[in-house]
Each structure stands twice: as structure tokens, then as C-alpha cells.
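[1] what's the 3D shape of this:
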Amino acid sequence: MKVGKYYYRPPGGESHPDVNLRVHSFLGTLVREHAGQRVLVVTHSVVVLSFRRLLERLEEEKVLELDRHDEPKNAALSVYESAAGPAGGGGLLLREWNKMPWSAPAPERRARA
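    Numbering: from 1, shown residues only. This is a model prediction of the structure:
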């Protein structure tokens with residue numbers, strides 16, 4: 001039996017491996033039904049980390065390191081682009097991580113006289 005944060009399953013909840021299975025199935029559906037299309041997926045941090053694990057073939061330790069030191073930010077974007085070569089295939093490459101283009105500070109307003 002494996003223990004630790006990665007394998008912990010709260011009562012009525014899912015462990016990271018449980019989420020990985022759901023995301024893996026979802027990715028299979030995307031490949032079959034939306035090949036070549038742009039897709040937007042809105043989700044929460046554990047699922048975002050699961051996407052990274054599967055798409056980038058990350059090891060468990062790297063996922064836990066991201067969770068500790070570079071966790072997904074609220075409302076941030078993770079952007080992947082096709083790495084397809086001339087013979088097809090090639091997977092996806094991470095282009096942006098935790099991108100928040102709307103988080104720039106608002107311009108200062110001048111006080112009216």
C-alpha cells in the first residue's frame with residue numbers, strides 16, 4: 001500500500017492517481033472527438049497537475065514539487081501547443097504556465113482638480 005499526499009484519498013474523494021485516471025480518459029475523448037481543434041478546459045489545481053503529469057510524462061515527485069513550490073494559481077492559464085511533426089504525432093508542449101495576462105496593475109488615475 002502506498003502512502004503520502006499523492007496517494008491520500010479523503011473520505012468520498014479521490015487521490016491523485018484516481019484523478020489521473022479520469023483525466024487520462026478525458027484526454028482520450030479529446031483526441032478522438034476534437035483532434036486538431038483548439039480546446040479550453042476550466043478546472044482546479046489537482047486536475048491541472050494531473051494534466052501536466054500525463055501530457056508531460058512527469059514523475060510523481062515532480063508533481064509533488066510543483067504542488068509545493070509552483071502550484072497552479074487561481075484563474076491562471078496553462079497553454080499547450082501541438083508538437084506534431086511531419087509524420088504526425090508528437091504530443092503537446094507546455095508553452096505557458098501560470099500565465100495571468102489580466103493581473104497587471106491597473107493604470108494610475110489622475111485626480112481631478
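[2] Against which helices or strands is whichever helix in the chain runs longest packed?
    Scanning the chain for the helix with the most residues, using DSSP state H, yields helix 16-33. Helix 16-33 is packed against helix 45-56, with contacts defined by 3 or more C-beta pairs under 8 Å, 6 or more residues apart in numbering; DSSP states H and E. (Each C-beta comes from the backbone N, C-alpha and C, glycine too.)
[3] so what does the helix it packs on touch, helix or strand wise?
    With 3+ C-beta pairs under 8 Å, 6+ apart as the test, helix 45-56 has helix 16-33, helix 60-69, strand 77-82, strand 92-99 packed against it.
[4] which of the residues in the last one are buried?
    Buried residues in strand 92-99, counting neighbours by 16 or more other C-beta atoms under 10 Å, are found at residue 97.
[5] Show me how far it is from its chain's centre.
    9 Å (C-alpha atoms, centre = their mean, to the nearest Å).
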